[in-house]
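>>> got a predicted structure here, sequence first:
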Amino acid sequence: MLTARELSRLSPREVDQVFRSGQVGKIPDGDAQGTAIFRPGSAAEPWLERLVHGLAWQGKVVNANTHYLKNKVGPLGLQAIKADVYHDKSWFDGEPCIVLDYSHTSFVARWVRDEIRRVGPGLYLGLVYLRHTRLLYFTLQFAEPAEAS
């Protein structure tokens, strides 16, 4: 089973391949633990991840029914910076993905677009774009739903 930590140890080319082979499926739902991945495979990456998680961004809370999410920001993980969530074609490879679109919901992040695909049980790999320039990767780890008995 692939983890956020394992993804951050891969080369950028390998992370791109994982995204390319990811699944789209339904929009995920719930509170997801996030990991920002700036320089996959680098020695500095673990330090950068801890710094960003502790100070700036901790994940997202997605409501699949309303097709909205809010980011968990700051040291306390306050829910802010809303995005529309929908299916569309990826800017990365033209294939289907789940888009997290801030253009109509956030003044601060209006030029940001995230794209995610499922790459493991409850694990989504994301790409962050500012305008049309790809900046970084991130992961979202959702709790897997309990099996129906």
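Structure's in. What do you need? Residues are numbered from 1 along each chain as shown.
>>> ok, now how distant is residue 47 from residue 126?
21 Å (CB to CB, to the nearest Å). From N, CA and C alone the C-beta is placed, and that goes for glycine too.
>>> neighbour-wise, which of those two wins?
residue 126 (24 against 10; other CB atoms under 10 Å).
>>> where's that one, which helix or strand?
Assigning secondary structure by DSSP states H and E places residue 126 in strand 123-130.
>>> now that strand: buried residues?
123-129 (16 or more other CB atoms under 10 Å).
>>> now the strands: where do they sit in the protein?
For the chain, applying DSSP state E gives strands covering 30-37, 57-63, 68-73, 78-89, 96-101, 112-120, 123-130, 133-142.
>>> possible to save those strands as CSV with mean pLDDT and distance to residue 20?
Formatted as CSV, the strands of the chain follow (pLDDT from 0 to 100; distance: least, CB to CB, whole Å):
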stretch, mean pLDDT, distance to residue 20
strand 30-37, 96, 16
strand 57-63, 97, 22
strand 68-73, 97, 23
strand 78-89, 97, 13
strand 96-101, 98, 10
strand 112-120, 97, 8
strand 123-130, 98, 10
strand 133-142, 96, 13
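>>> I'd like the ones you listed laid out as CSV, including distance to residue 19.
As requested, the strands of the chain are exported to CSV (distance: least, CB to CB, whole Å):
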stretch, distance to residue 19
strand 30-37, 11
strand 57-63, 17
strand 68-73, 19
strand 78-89, 14
strand 96-101, 9
strand 112-120, 6
strand 123-130, 5
strand 133-142, 8
